[in-house]
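Peer 1: sequence and predicted structure are below.
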Amino acid sequence: MSSVPPTGAATVPPFAVISGGQVQQALQGGEKQIMEVVEATYRLHGAGDSVNPPSYFLRFPDRPADRIIALPASIGGQVRVDGLKWIS
């Protein structure tokens, strides 16, 4: 039996869960810098230099408990970053 999917078949990408401990370890020691970034972001938002539209929900009539949420956003200032967060 071959482990190679047939041509055109979708493959499931690898998935990893990052634990709270791993997040704490990665952020430890950077609290001051993190607070500065969060403060600067709120100030840019307060000055109107951000775009944060409502979330978009994709719901499935045959699976009412399931949904996919798209959270687009954009921040200005010196950073000027645009992005999209998917939750599914």
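Peer 2: Yes, it's here. Numbering: from 1, shown residues only.
Peer 1: right, and residue 73 touches residue 83 too?
Peer 2: Yes: counting by CB atoms under 8 Å, residue 73 sits close enough to residue 83 to count as a contact (6.1 Å). For the C-beta atoms, the positions are set from N, CA and C on the backbone; glycine is no exception.
Peer 1: give me the more crowded residue out of these two.
Peer 2: When residue 73 and residue 83 are compared for neighbours, residue 73 comes out ahead with 14 against 9, by other CB atoms under 10 Å.
Peer 1: so what's that one up against?
Peer 2: 50, 51, 52, 53, 82, 83, 84, 85 (CB atoms under 8 Å, 6 or more residues apart in numbering).
Peer 1: which of the residues in the helix or strand hosting residue 32 are buried?
Peer 2: When secondary structure is defined by DSSP states H and E, residue 32 falls within helix 31-46. Counting neighbours by 16 or more other CB atoms under 10 Å, one finds that the buried residues in helix 31-46 are 41, 44, 45.
Peer 1: so what's the gap between that helix and the chain middle?
Peer 2: Relative to the mean C-alpha coordinate of its chain, helix 31-46 is positioned 18 Å out (CA atoms, centre = their mean, to the nearest Å).
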